[in-house]
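*Asks:* Let's see this in three dimensions:
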Amino acid sequence: MSTTDHHDRAAGPQDAGPQGAGSQGAGPQGTASDALLGPADIRELAAALDVRPTKQRGQNFVIDANTVRRIVRTAEVRPDDVVVEVGPGLGSLTLALLEAADRVTAVEIDGVLAGALPATVAARLPERADRFSLVHSDAMHVQELPGPPPTALVANLPYNVAVPVLLHMLDRFPTIERTLVMVQAEVADRLAARPGNKVYGVPSVKANWYADVKRAGAIGRNVFWPAPNVDSGLVSLVRRAQPVDTSATKEEVFAVVDAAFAQRRKTLRAALAGWAGSPAAAEAALTAAGISPQARGESLTVEEFARIAEAKA
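*Replies:* Numbering: from 1, shown residues only. You can find the predicted model right below:
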């Protein structure tokens, strides 16, 4: 189950926030803002749109003011940033981002939520409404975004599509320098895991192809409406200053990664036999890459996977 409202979709987290005008965060100029959504606002919007958060559909709205402020602060959103948000939902994180960034583009697959968000922005942040763009689409299918190229990605991502959406956005939009996503804690652990860790796997390696990845904090259950059954975590991804040094393509490297972890308990000689054509061919590629055929995928860095891909090529 996701810790955000995803309506069983690729782009549907909710990130509602602040609890009334008296507790609103500061905008770019340091002035108090009453533009952000509080718990009552969220419930009113949900009722007006006939959106009923249910645990069966993984719908959980963030209703804690400090959580929304913390996401924006942890993301280190700057006044010149062009932020892309996936799954804005009712728009609480969107509003907080608009107060801090130069521009925000939100990608929402749900027609009801996408239809309502521009009006919410116009009503609560009219002076910033011209800095907001909405793309009504599945994030997995987005190939271009309106306006200047994005410099940051900030989003609450549902568990079942968090990794593919994240990897797609990083791959499709190389101008994204900094990313902060909130995902189920288990997914956060996998994304940020290092070689040798028991949860290190395909998401860890592929995310590291693009960026330096680390956990950026934990999010409890009591900041959501309704409260989910799992904890959430923040993950920070800072794009590599230099790409992985390899002559192999991303597709070639990822093919090795997928093969290695498809049978993660097997040695690489056995796990990569299908990829290489035979156990002997796998051993030859591994030896050429300077990696023990008896090693397992969970012990290898992304650079070592790249060396294996090169050796086969």
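
*Asks:* And residue 10, what's its pLDDT?
*Replies:* In this model, residue 10 is scored at 38, pLDDT.

*Asks:* how close does the closest residue to residue 230 other than its chain neighbours sit to residue 233?
*Replies:* In space, not counting the residues next to it along the chain, residue 230 is nearest to residue 184; the distance is 5.4 Å by CB to CB, 6 or more residues apart in numbering. Any C-beta I mention is one placed from the backbone N, CA and C, and that applies to glycine too. Noted for residue 184: a distance of 7 Å to residue 233, by CB to CB, to the nearest Å.

*Asks:* Tell me, please, where in the stretch 51-200 of the chain the pLDDT is lower than the cut-off.
*Replies:* Counting by pLDDT under 70, the stretch 51-200 of the chain contains low-confidence ranges at 53-59, 159.

*Asks:* again, 80 this time
*Replies:* Low-confidence regions of the stretch 51-200 of the chain, defined here as pLDDT under 80, cover residues 52-62, 64-66, 158-160.

*Asks:* residue ranges for the helices of it, please.
*Replies:* If you assign secondary structure with DSSP state H, counting those that start in this stretch, the helices in the stretch 51-200 of the chain sit at 65-74, 92-100, 111-124, 162-172, 185-192.

*Asks:* for the third one, packing partners?
*Replies:* Applying 3 or more CB pairs under 8 Å, 6 or more residues apart in numbering; DSSP states H and E, we find helix 111-124 packed against helix 92-100, strand 103-108, strand 132-136.

*Asks:* And for it, what's in contact with it?
*Replies:* Here helix 111-124 makes contact (CB atoms under 8 Å, 6 or more residues apart in numbering) with 12, 35-37, 45, 49-51, 88-91, 94-95, 98, 106, 108, 128-129, 132, 134, 136.

*Asks:* what stretches of the stretch 201-313 of the chain score poorly on pLDDT?
*Replies:* Counting by pLDDT under 80, the ranges of the stretch 201-313 of the chain that qualify are 225-226, 313.

*Asks:* Buried residues, the helix or strand harbouring residue 284. List them.
*Replies:* Here residue 284 sits within helix 279-288, counting by DSSP states H and E. Judged by neighbour count (16 or more other CB atoms under 10 Å), helix 279-288 contains these buried residues: 279, 282, 283, 284, 285, 286.

*Asks:* what's the distance between the residue nearest to residue 230 and residue 132?
*Replies:* Here the criterion is CB to CB. By it, residue 184 lies 28 Å from residue 132.

*Asks:* residue contacts, the closest residue to residue 201 other than its chain neighbours?
*Replies:* Nearest in space to residue 201, with sequence neighbours left out and distances taken as CB to CB, 6+ apart, is residue 261 at 5.1 Å. Each residue near residue 261 by CB under 8 Å, 6+ apart is listed here: 201, 202, 271, 297, 298.

*Asks:* Can I take it that residue 261 is in a strand?
*Replies:* No - the assignment for residue 261 by DSSP: H, G, I helix; E, B strand; the rest coil gives helix, which leaves it out of any strand.

*Asks:* any idea how far residue 298 is from it?
*Replies:* Per CB to CB, residue 261 is found 8 Å from residue 298.

*Asks:* still on that earlier bit, the contacts of helix 111-124, buried ones only, as a ChimeraX selection?
*Replies:* Entered in ChimeraX, the line below selects the buried ones among those, by 16+ other CB under 10 Å:
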select :12,35,36,37,45,51,88,89,90,91,94,95,98,106,108,128,132,134
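
*Asks:* Would you format the buried residues of helix 279-288 as a markdown table with distance to residue 238 included?
*Replies:* Written out in a markdown table, the entries for the buried residues of helix 279-288 read as follows (distance: CB to CB, whole Å):
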| residue | distance to residue 238 |
| --- | --- |
| 279 | 39 |
| 282 | 34 |
| 283 | 36 |
| 284 | 36 |
| 285 | 31 |
| 286 | 31 |
